[in-house]
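> Build me a model from this:
(one chain, ligands or ions: 2)
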Amino acid sequence: MNDVSVAILCGGRSSRMQSEKGLVLYNGIPFIEHIIAAAKELSKDIILITNSTDYDYLPFEKRKDIEIDKGPLGGIYTALTYAKHQNCLILSCDIPLIKGSLLKLLFENENVTATVFKDTDRTHPLIGCYSKKLMTKLKVAIEKHELKMMRFLDSVDAEFITIDDHRSEQFRNINTVTALNELNNK
Ligand SMILES: Nc1nc2c(ncn2[C@@H]2O[C@H](COP(=O)(O)OP(=O)(O)OP(=O)(O)O)[C@@H](O)[C@H]2O)c(=O)[nH]1
Ligand SMILES: [Mg+2]
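Residues are numbered from 1 along each chain as shown. Ligands and ions are numbered 1, 2, ... in the order given. Okay, the predicted model is just below:
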């Protein structure tokens, strides 16, 4: 596996959670720290894409969105701009169950421009490896305000890796207080 960067997207509005999503607790530890633990298994180049000072306590590089209010697609553009390596693993900040061992599967085929996970229900564009080769297309999408990730992936030569139901529990995406309570009380 070649060296990769990892960027964790910590922007957006957290309107459904109503508090900074990356900092809510799972097992008493902020989501972001669970995700960093998984990221550390893959890379030393870890960047948080955030417009907030709430993550300042963490000893990792932080970058603000270059194009503001452009959603995750805009966050990926910023991530690829600052990533030290050609390929960058993009992770959302609301997937506290994710593990490094599963993420390594995204890097088995090194020459693709985008590789993202799927499970039997849906695709997970924010758990994927993206190449700097996509920067021009991302910039064009931002300029046209075409911000839907699925549409973007359809327009590039993306590869999809399907994960079985047992392991896809790691993709569990926590957007609301109800989902957070279910996660912590199980
Ligand atoms: N850097 C960056 N990340 C973003 C942006 N919008 C969303 N994200 C991240 O993308 C991931 C998925 O975000 P969503 O759950 O779809 O949206 P959200 O805006 O955080 O939350 P809602 O307001 O509840 O939809 C999370 O990791 C967010 O932090 C953005 O404009 N910039
Ligand atoms: Mg979400």
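> Could you give the number of residues near Glu108?
11 (other Cβ atoms under 10 Å). Yep, even glycine has a C-beta here, placed from its N, CA and C like the rest.
> and it, backbone torsions?
Here is the backbone geometry of Glu108 (degrees, to the nearest 10): phi -70, psi -30.
> what's the distance between it and ligand 2?
26 Å (Cβ to the ion, to the nearest Å).
> any idea how far ligand 1 is from that residue?
Separation of Glu108 from ligand 1 (Cβ to the nearest ligand atom, to the nearest Å): 24 Å.
> The longest strand seen in the chain near ligand 2 at all?
For the chain, the strand with the greatest residue count under DSSP state E is strand 123-131. No. Judged by Cβ under 5 Å from the ion, strand 123-131 makes no contact with ligand 2; its nearest approach is 7.6 Å.
> Please list the outside residues in contact with that strand.
Outside strand 123-131, the residues that touch it by Cβ atoms under 8 Å, 6 or more residues apart in numbering are 4, 9, 72, 76, 79-80, 86-92, 95, 98, 103, 106-107, 112-118, 149-150, 152-153, 160, 171, 173.
> filter those to the buried ones?
The neighbour count (16 or more other Cβ atoms under 10 Å) marks 4, 9, 72, 76, 79-80, 87-92, 95, 98, 103, 106-107, 112-118, 149, 152-153, 171 as buried among the contacts of strand 123-131.
> now, which of those residues lie within helices?
With DSSP state H as the criterion, helices contain 72, 76, 79-80, 103, 149, 152-153 from among those.
> Between which two of the residues you listed is the distance greatest?
Leu103 and Phe152 (20.7 Å; Cβ to Cβ).
> burial count for the nearest residue to Lys148 once chain neighbours are set aside?
Spatially, and ignoring its direct neighbours in sequence, Lys148 is nearest to Leu73 (7.7 Å; Cβ to Cβ, 6 or more residues apart in numbering). Neighbourhood size, Leu73 [other Cβ under 10 Å]: 20.
> That's all I had, so thanks and see you.
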